[in-house]
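[1] Fold the following for me, if possible:
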Amino acid sequence: MKKTKPKRFTNEFKAKVINEYFEGKGGRRALAKKYGLIPSTIKYWLDTRGKDGKLIEDRRKTHSGRLKKEPTIDDYKERYEILKKYQAFLEARHKKKIIFINLHLREYKLSNLCAALSISKRTYYKYRDREDKDYRDYILIKQVFDSSKGTYGYRRIEEGLMIEYGVKFNHKKIARIMRKYGLKHEYIKRIRNSDGYKKIQENIRPNLVKRNFNTEKKNQIWCTDITYLIFGNKRAYLSTILDLYDRRVVAYKISKFNNLQFVIETLTEAIKKEGNIKGLIIHSDQGSQYTSNQYKEICLANGIQISLVEKALQ
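    The predicted structure is shown next:
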């Protein structure tokens, strides 16, 4: 079936219909019937055009006849901020844009979100209440992601879902849902010795774990490490202690400096929180903080065995 092209009307014809309406020669329905139009078309002409049939540029209106509200300076700033932060969503499909808008309605105006992402409000309202098949899975993933303080990637979330909820998700599905809903972990990469401290060779201990990362109960093996986080143009250091039994974050500290102090504070907080942990193994790399005398003394005083990864052969 061939598509019929929409009719185009000259300004003279539009002026004729508008003038007949104002002269009382017929209402919108009568004139629509007379000229083979629909009443809403005539209403739109009456709202947006003068008696000469030409568009009134300084009185642009919506289809309902209300004047369009011009964006303010603050609106333009907000749209720029949305574009700068979430540029990747510009090429996304409408469905993904609508999910994004729903997630950020408390932060930004709806009109600015729609304008920045090049989607009409009409399209947003049409599809916003349609159920998303991934939403329930996203809720579970978000729970595990939040419990890790935003540090878990899709593979560790896969393990967390199995431990916490007993559900098995394909890691590719988790990665897709995380991308879809904008969940991005803040872990960047491991930090090696960069603080200028020298490791104390006599404090280097053997590897007691030997890549056996499965435990029968909690507080048998802790794993600790330092990573760095990037927030805009700023950098911070994250010291974490993880229980290998359930991948639970036992304690963590964030600092502007990669020094011994915030590693000791993390260890002290974990010991205080868990109580009696005699016989526990704490596993780490051979960083200067983990081979320091202070770290060794605290571990010995609390019955903790130090385990260090062997240095790789050059």
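
[2] Tell me who's in contact with the residue lying closest to I82 once chain neighbours are set aside.
    Spatial nearest neighbour of I82, chain neighbours left out: A116 (4.0 Å); criterion: C-beta to C-beta, 6 or more residues apart in numbering. Where you see a C-beta, it was placed from the backbone N, CA and C, and this is true even at glycine. The contact partners of A116, taken as C-beta atoms under 8 Å, 6 or more residues apart in numbering, are 79, 82-83, 86.

[3] Quick one, grab the pLDDT at V250.
    Note for V250: predicted pLDDT of 90.

[4] returning to what we had before: mind picking the two most distant members of the contacts of A116?
    Distance extremes for the contacts of A116: the farthest pair is R79 and Y86 at 11.1 Å, using C-beta to C-beta.

[5] If you count surrounding residues, which of the two has more?
    Applying other C-beta atoms under 10 Å to R79 and Y86 shows that R79 carries more neighbours, namely 20 against 17.

[6] next structured bit after the helix or strand hosting the more buried one?
    Per DSSP states H and E, R79 falls inside helix 73-85. The helix or strand immediately downstream of helix 73-85 is helix 94-103, counting by DSSP H and E.

[7] what does that next one contact?
    Residues outside helix 94-103 that contact it (C-beta under 8 Å, 6+ apart): 86, 89, 92, 110, 113-114, 117, 119, 123-124, 127-128, 132, 180-182.

[8] Stretch 298-314 too?
    By C-beta under 8 Å, 6+ apart, stretch 298-314 touches 204-209, 264, 267-268, 271, 277-286, 290-291, 295-296.

[9] What about the residues you listed, which are in strands?
    Counting by DSSP state E, these place 281-284 in strands.

[10] tell me the pLDDT at N170?
    90.

[11] cool, and L313?
    44.

[12] List the contacts of the lengthiest helix in the chain.
    Ranked by residue count, the top helix of the chain under DSSP state H comes out as helix 260-274. For helix 260-274, contacts defined as C-beta under 8 Å, 6+ apart pick out 197, 219, 222, 224, 226, 237, 239-241, 250-255, 277, 282, 288-290, 292, 294-295, 298-299, 302, 304.

[13] can you pull the buried residues of that helix?
    Counting neighbours by 16 or more other C-beta atoms under 10 Å, one finds that the buried residues in helix 260-274 are 260, 262-264, 266-267, 269-271, 274.
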